[in-house]
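Engineer: Model the following, please.
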Amino acid sequence: MVPRAVKNCMQLFLKLVNLIIGMAGITMILYGFRMIKVWQQDDEEGSSFDDHSGPSFPWFIHAFVGVGTTLCAITCLGHFAANTANAHCLSFYMAIVFLLLMLETALMADIFLNCEWEKDLPEDPSGRFDDFKDFVKSSNNICLWIGLLIILAQGCSILLAAVLRTLPTDQSYDSEDDYDQNRLPLLNPSSQAFLHIAGEPYFPMMN
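Structural biologist: Numbering: from 1, shown residues only. Reported below is the predicted structural model:
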């Protein structure tokens, strides 16, 4: 049936687009763990020469891993919503991705419009924020295309989820199939009733 095939294609496309968001989240988590390892090594080397007045909190590393974990959670939610095609799950998924997209847009607008945006952030004791900023500046084109790909994937996921939400459910497809089968004629010869001719029997005349 054509509507069922369209729905299956929408589910597959939503899973593929949602997978891009999940891969970005996994990459951020792995890179965050690497930053934690490097920071711990630097902190151990520095503690042998200096006496710290108190424990430092690497907010950038925790925020980086937190954003990656959030993207992975959104990916799991999107996969579940695409697999079940439930209207409530799809609506909740669209709302979460839309809020995330708005936050990313506001953050990028603040970075491009505010020249002193770094002063609004607290000081990072791990120094990983400065390293990440230098990496983005050195690979500006690659990071720009990766960011655009993630934003495009989020926009496409909202669009595909909205289209999938408008499609009928599987129960409606099954009811239509049952209705069409009931309308088909009975083609089985064994199920047809025998025809009876009403009237008196005919006997030949005997001389």
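Engineer: list the helices and strands the longest helix seen in the chain packs on?
Structural biologist: Determined from DSSP state H, the single longest helix within the chain is helix 2-47. Packing contacts for helix 2-47, counted by 3 or more CB pairs under 8 Å, 6 or more residues apart in numbering; DSSP states H and E, involve helix 59-84, helix 128-138, helix 140-166, helix 170-183. Heads up, the C-betas are built off the backbone N, CA and C, glycines and all.
Engineer: Take these and lay them out in TSV including mean pLDDT and mean neighbour count.
Structural biologist: Shown next, in TSV, are the helices and strands packed on helix 2-47 (pLDDT from 0 to 100; neighbours: other CB atoms under 10 Å):
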stretch	mean pLDDT	mean neighbour count
helix 59-84	92	18
helix 128-138	84	14
helix 140-166	91	15
helix 170-183	51	10
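Engineer: My understanding was that I26 contacts C72; is that so?
Structural biologist: Yes - I26 is within contact range of C72, at 6.4 Å (criterion: CB atoms under 8 Å).
Engineer: For L149, which non-adjacent residue is spatially closest?
Structural biologist: Take L149 and drop its neighbours on the chain: the residue closest to it by CB to CB, 6 or more residues apart in numbering is I20, 6.8 Å away.
Engineer: Contact partners for the one you found?
Structural biologist: Neighbouring residues of I20 by CB atoms under 8 Å, 6 or more residues apart in numbering: 149-150, 153.
Engineer: quick one: buried residues of stretch 100-111?
Structural biologist: Of the residues in stretch 100-111, 100-101 count as buried by neighbour count, 16 or more other CB atoms under 10 Å.
Engineer: before we move on, back to that, which one of the contacts of I20 is nearest to L103?
Structural biologist: L103 has its nearest neighbour among the contacts of I20 in I150, at 12.8 Å by CB to CB.
Engineer: Can you give me the distance of the nearest residue to the closest one once chain neighbours are set aside to I74?
Structural biologist: Spatially, and ignoring its direct neighbours in sequence, I150 is nearest to A24 (5.2 Å; CB to CB, 6+ apart). According to CB to CB, to the nearest Å, A24 stands 10 Å off from I74.
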